[in-house]
Each structure stands twice: as C-alpha cells, then as structure tokens.
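Asker: Below is the sequence, then the predicted model.
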Amino acid sequence: MAKLTVSDLDVKDKKVLMRVDFNVPVKDGVIGDDNRIVAALPTIKYIIEHDGKAILFSHLGRVKTEDDKKALTMRPVAQRLSDLLGKPVTFVPATRGKQLEDAIADMKDGDVLLFENTRFEDLDGKKESGNNTELGQYWASLGDEFVNDAFGTAHREHASNVGIATAMKAENKPVAAGFLMEKEIKFLGNAVDNPKHPFVAILGGAKVSDKIGVIDHLLDKADKVIIGGGMTYTFYAAKGLKIGNSLVEKDKIELAKQILEKAGDKIVLPTDNVVAEKFDNDVPSKVVEGDIPDGYMALDIGPKSVKAFEDVLKDAKTVVWNGPMGVFEMSNYAKGTLEVGKFLGTLTDATTIVGGGDSTAAVKQLGVGDKLTHISTGGGASLEYLEGKTLPGIAAISDK
Ligand SMILES: Nc1ncnc2c1ncn2[C@@H]1O[C@H](COP(=O)(O)OP(=O)(O)OP(=O)(O)O)[C@@H](O)[C@H]1O
Ligand SMILES: O=C(O)[C@H](O)COP(=O)(O)O
Ligand SMILES: [Mg+2]
C-alpha cells in the first residue's frame, strides 16, 4: 500500500491522535453491534503495546439539537472499549478545552483516552461536518501523530478526519492509516482494481438509485454481476416482465434498460421469486417463475435462482457482495440470503467480501459471517469505494 501506516510510525512516548469509527447502534445507553469497536482493537493495541498514548475520537449518530447529546454520548462506548481491552479507558465528556487538555497531559505511555462525540461540535455552526479549519487545527494541536482508522467515515470530509490530517501535515507531523483502514483498502481495493478472476459481484438490497452507480462501475471490472433482492424488480420492469406490487423505482427503469443493454450476458437476474400478497411474515407465500402476478409482491429469490447463482459463483476467485437477496429480517424471506451466504462460505479458494450495513447484519444474524474473507465496517464508504470514487478520508493520509 502506498499510504503511510501505523507500523511506519515511532509511537513510543508519543501522543497519538486516532480517529476511529465508533458510530455503533446505541439504544438507551446499550450498544447493539460492537463490530466497529472490535475492528479497531488491533491498531489501539499496537499503539499501547509500543508505549504510545492513544487519544481516540469518533462521531456517533447525527447531532442536531442540544437534546441529542444525551442519547449520543460516547460514554457507553468507552465502557465497552475498556471491557474489550481489559484495561481502563479514560472518558472525557468534552470535545475541547481545559478538561480534555489536562486529561491528555496526565496520560502515561500505554494509556487510552476517548473524548466525546466529535459531532457535538456541529451544534456550533456545523464545525465538525463542515470541516471547520480552526477545529481541525485545534485537534491537531493535541498530539504528535495522527492515525486514521475510521474507514466507515472515509467518504466524509470532516474536521476529525480530513481537517486534522491537513493541519498535521502542515506542521510536518505524520498522518498514517490504521490497520483496519489498511485492511479495508487492501480487500476492497484489490477486489475492484486488481481482482483475481472470475470476479463476481452480487448486488441486492433495496436502494436501486444509490447502487446503480456501483453496478455501472462493477460491470467494467467484473465477469458477472448478479442482481437479487429488491433491486431485481426495477430490472424486471426494464425487461417488460410483470412485477405486481414489488419494490420498484420507476424513474430508474430507463437507466436499468441502458445497463442491461451495456451488460449483455454479464448481468444475471433471478428467474423465480418467493411472493406474497402483503409485506408480512404471517401471510401465505409461494414460489413463482418469471412474471410476478397481480396483487403479489416478490420478497425473496426462489430456489432455481439460488441454484443458478451458485453455478455462476462456484468458480469465482473474487466475490463482492452488497445487499441481501430478500427481506431477510422476516424468516419466510431469509432463505435466498442465507443460501447465497452459506454457499460463499464454501468457496475456500476465493476472496469473499461483504459490505453494507444490512448485508453485514444479515450474514452475522444468519451465522455465516465467520466463513467469509472480509466483512467491511463501511456502509456508505464501502459503496462509494466500489463505485470507484476517491474517498477524502483516505486521500488525506500521507503517502509513504
Ligand atoms: N424483495 C425485496 N423487497 C423489499 N425489500 C427488500 C427486498 N429484498 C431485500 N430488501 C431489503 O433491503 C434492505 C437492505 O438493503 P440495503 O440496500 O440497505 O443494503 P445494505 O447492505 O444495508 O447496504 P447499505 O449499507 O448501502 O445500506 C433490507 O432491509 C431488506 O429487507
Ligand atoms: O455509519 C456510517 O456509514 C459512518 O459512520 C458515517 O456516518 P454518517 O452517514 O452519519 O456520516
Ligand atoms: Mg442499508
């Protein structure tokens, strides 16, 4: 990798500022999925085991009013991090000022500190998400080195990733990627720019308009692009198939037609689907081939499609998957996602990568996550990466 990484730094006795993406689901002070915290541990441990002082910070949710502060405090995250590290983590309930500066001055080598949600600064004129120069410079002044491990935030140009990096570089202080950032770039970057062939992309989920750019980009790179889930029916409509009440983005049908023309036989669509009369787990469902009958909606791919997808996937050397094959949250429509996930788990010769918030949740919920090569911590970031966009958070890291 052409970027500086944490292992290139001398962290001993240094105040190492580290941007993490601890934007995890928190409800009533309880953390749901701590994947993003676990994923940052290797870099944190590296810093403290090499006698650096780890000063961590992240955003959490979107802070719009004073009232949001209570629900979006980093305090429970500090506690979970401490449990995972098996050592105390100093939590500072401020994003700037004397309390924070004193706490940093008190740190000893090997200590870990987490300060408050960087987006609390948004209450004062969107300083964090507007990438306020003064704020970036202030945070940069708190440390000797900057490590960015927040891949999930890399598509944002905020003071806590890009602003601070710019200010550090202006003072000739090093700006490096953490191990998670490095790993994400390695897997996603290699998959898209330097894949082992056959390279198969699987795109599902619900957001046709958000992901059509990804399909377009991947068509240039992949040998096959499998489409499933809620994406399918906009493509069905483009082919003139009936779609009943299935999910469709009408204003994207024209674009879907153009993509199908460009793709030739590269795009693989489901041929059968599980349909029901309502978006409900407790109504009768059935498998139909081709057209979706009037009064029905398609909620999962059918068994023949699963088989056909497996035939395409069996020789693959690289697979990138974003978006479930059906409404996996409801048990009657989870089979397509489960079967595809299980099959990917058997491809021991291939690099298999999953990105996307719900897709990651799906493979974990269905128990197939640990059989895959890499589960990305990025939602929007992994998508923009797959679209071929330059992510500002990555661009701001120093080159080697
Ligand atoms: N046939 C379908 N009809 C309606 N919704 C569907 C269908 N198939 C899948 N979905 C829904 O798609 C949603 C997930 O799609 P989404 O595009 O958000 O994927 P993702 O992995 O979360 O990616 P991202 O991180 O970009 O949001 C799930 O909530 C699922 O129920
Ligand atoms: O969860 C994410 O995708 C990142 O943490 C970015 O969060 P945001 O969409 O609120 O900027
Ligand atoms: Mg989603």
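Answerer: Perfect, I can see it now. Ligands and ions are numbered 1, 2, ... in the order given.

Asker: was I right about Lys349 contacting Lys317?
Answerer: Residue 349: Asp, not Lys. Yes - applying C-beta atoms under 8 Å, one finds Asp349 in contact with Lys317, separated by 6.7 Å. For every residue, glycine as well, the C-beta is placed using N, CA and C.

Asker: More neighbours: those two, which one.
Answerer: Between Asp349 and Lys317, counting by other C-beta atoms under 10 Å, Lys317 is the more crowded of the two (15 against 9).

Asker: and the closest residue to ligand 2 within the chain, backbone torsions?
Answerer: Closest residue of the chain to ligand 2, C-beta to the nearest ligand atom: Asn23 (3.5 Å). As for Asn23, its main-chain torsions (degrees, to the nearest 10) stand at phi -80, psi 80.

Asker: just Lys224 next, same as before
Answerer: Here Lys224 shows phi and psi, under degrees, to the nearest 10, equal to phi -140, psi 150.

Asker: For whatever helix or strand Ile37 lives in, which outside residues touch it?
Answerer: Secondary-structure assignment from DSSP states H and E places Ile37 in helix 35-49. The contact list for helix 35-49 (C-beta atoms under 8 Å, 6 or more residues apart in numbering) reads 6-7, 11, 16, 18, 20-24, 31, 53-54, 56, 77, 80-81, 84-85, 110-112, 147, 149, 152, 178-180, 360, 364, 375, 377.

Asker: Select only the buried ones of these in PyMOL?
Answerer: In PyMOL syntax, the buried subset of those is picked out as below (16 or more other C-beta atoms under 10 Å):
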select buried, resi 6+11+16+18+20+21+22+23+24+31+53+54+56+77+80+81+85+111+112+147+149+152+178+179+180+360+364+375+377
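
Asker: now, which of the contacts of helix 35-49 lie within helices?
Answerer: Those of the contacts of helix 35-49 mapping onto helices are Val77, Arg80, Leu81, Leu84, Leu85, Phe179, Leu180, Thr360, Lys364, per DSSP state H.

Asker: my guess is the residue of the chain closest to ligand 2 meets Val63, correct?
Answerer: No - contact criterion C-beta under 8 Å: Asn23 and Val63 do not qualify, at 11.5 Å.

Asker: got a list of what the residue of the stretch 101-250 of the chain found nearest ligand 3 touches?
Answerer: In the stretch 101-250 of the chain, the residue that lies nearest ligand 3 is Gly205 (6.3 Å; C-beta to the ion). Gly205 sits next to Lys211, Gly229, Gly230, Met231, Asn322, Gly323, Pro324, Gly356, Asp358, Ser359 when contact means C-beta under 8 Å, 6+ apart.

Asker: Pretty sure the fourth one sits against Ser209.
Answerer: Meaning Met231. No - using C-beta under 8 Å, Met231 is not in contact with Ser209; the gap is 10.3 Å.

Asker: Is stretch 151-170 positioned near ligand 1?
Answerer: No - no part of stretch 151-170 sits near ligand 1 under the criterion C-beta under 6 Å from any ligand atom; the closest distance found is 10.0 Å.

Asker: Figure out the length between the terminal residues of that stretch.
Answerer: 23 Å (C-alpha to C-alpha, to the nearest Å).

Asker: Report the buried residues of that stretch.
Answerer: 151-169.

Asker: What of stretch 292-312?
Answerer: For stretch 292-312, burial by neighbour count (16+ other C-beta under 10 Å) applies to 292-293, 296-302, 305-306, 308-310, 312.

Asker: picking up where we left off before, quick one: the residue of the chain closest to ligand 2 from Gly152, how far?
Answerer: Distance of Asn23 to Gly152, given as C-beta to C-beta, to the nearest Å: 6 Å.

Asker: For the stretch 301-400 of the chain, which residues are neighbours of ligand 2?
Answerer: For the stretch 301-400 of the chain, the contact set with ligand 2 under C-beta under 6 Å from any ligand atom comprises Gly379, Gly380.

Asker: Show me the helices in the stretch 301-400 of the chain, by range?
Answerer: Assigned by DSSP state H, counting those that start in this stretch, the stretch 301-400 of the chain shows helices spanning 303-313, 335-346, 357-365, 380-386, 392-395.

Asker: The second one: which residues count as buried?
Answerer: Pointing back at helix 335-346 there. Within helix 335-346, the residues that count as buried by 16+ other C-beta under 10 Å are Lys335, Gly336, Thr337, Leu338, Glu339, Val340, Gly341, Lys342, Phe343, Leu344, Gly345.

Asker: could I get those residues as TSV with distance to Phe328 and pLDDT?
Answerer: Shown next, in TSV, are the buried residues of helix 335-346 (distance: C-beta to C-beta, whole Å; pLDDT from 0 to 100):
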residue	distance to Phe328	pLDDT
Lys335	9	96
Gly336	8	97
Thr337	4	95
Leu338	7	94
Glu339	11	95
Val340	10	96
Gly341	9	94
Lys342	13	94
Phe343	15	96
Leu344	14	96
Gly345	16	94
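
Asker: out of these, which one sits closest to Leu247?
Answerer: The nearest member of the buried residues of helix 335-346 to Leu247, counting by C-beta to C-beta, is Gly336 at 14.4 Å.

Asker: Pull the contacting residues for Ile267.
Answerer: Leu219, Lys224, Val225, Ile226, Ile227, Phe235, Ile259, Leu260.

Asker: Return the per-residue confidence for the last one.
Answerer: In other words, Leu260. As predicted, Leu260 sits at a pLDDT of 96.

Asker: cool, and the fifth one?
Answerer: The score at Ile227 is 97. That number is its pLDDT.

Asker: distance of it from ligand 1?
Answerer: Computed as C-beta to the nearest ligand atom, to the nearest Å, the Ile227 to ligand 1 distance reads 11 Å.

Asker: Which positions in whichever strand or helix holds Ile259 come out as buried?
Answerer: If you go by DSSP H and E, Ile259 is part of helix 253-263. Residues Ile253, Leu255, Ala256, Lys257, Ile259, Leu260, Ala263 are the ones in helix 253-263 that count as buried (16+ other C-beta under 10 Å).

Asker: If anything else comes up later, I'll come back, but that's it for now.
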